[in-house]
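In: Turn this into a model:
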Amino acid sequence: MPEAVLPLKAVLKDTGVDANDAMMMVGAVKPPKEHAFVAAHQFRWLLSQVNYPKLGDLCWLVIPCALTALDHWSPDVKLDQ
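Out: This is a model prediction of the structure:
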């Protein structure tokens, strides 16, 4: 599971906008939001495959990734469905 979730979180974080980031520039090259959209849906599918007893053991991994997706600037990426 960590091998799958950590890269998805990295994509979500790379496509997000961090107002506290000193390196954020107007012309900065970022991956398109479509990459984050796909990563969010892959993450959601991955969570749907984990049964209840195992999900508790993976909270340390799942919660930060879910919060990163919820904090994304694009409403298409947010996991609200």
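In: Val50 contacts Leu58, correct?
Out: Yes: using Cβ atoms under 8 Å, Val50 is in contact with Leu58, at 6.6 Å. Backbone N, C-alpha and C define where each C-beta goes, glycine included.
In: Mutual contacts of these two, please.
Out: Met1 (Cβ atoms under 8 Å, 6 or more residues apart in numbering).
In: Identify the residues contacting Gln42.
Out: Contacts of Gln42 (Cβ under 8 Å, 6+ apart): Ala4, Leu8.
In: Please state the backbone phi and psi of it?
Out: Torsion angles at Gln42 (phi, psi; degrees, to the nearest 10) stand at phi -70, psi -40.
In: Once you drop chain neighbours, what's closest to Leu58?
Out: Met1 (5.8 Å; Cβ to Cβ, 6 or more residues apart in numbering).
In: Return the backbone torsion pair for Trp73.
Out: Here Trp73 shows phi and psi, under degrees, to the nearest 10, equal to phi -70, psi -30.
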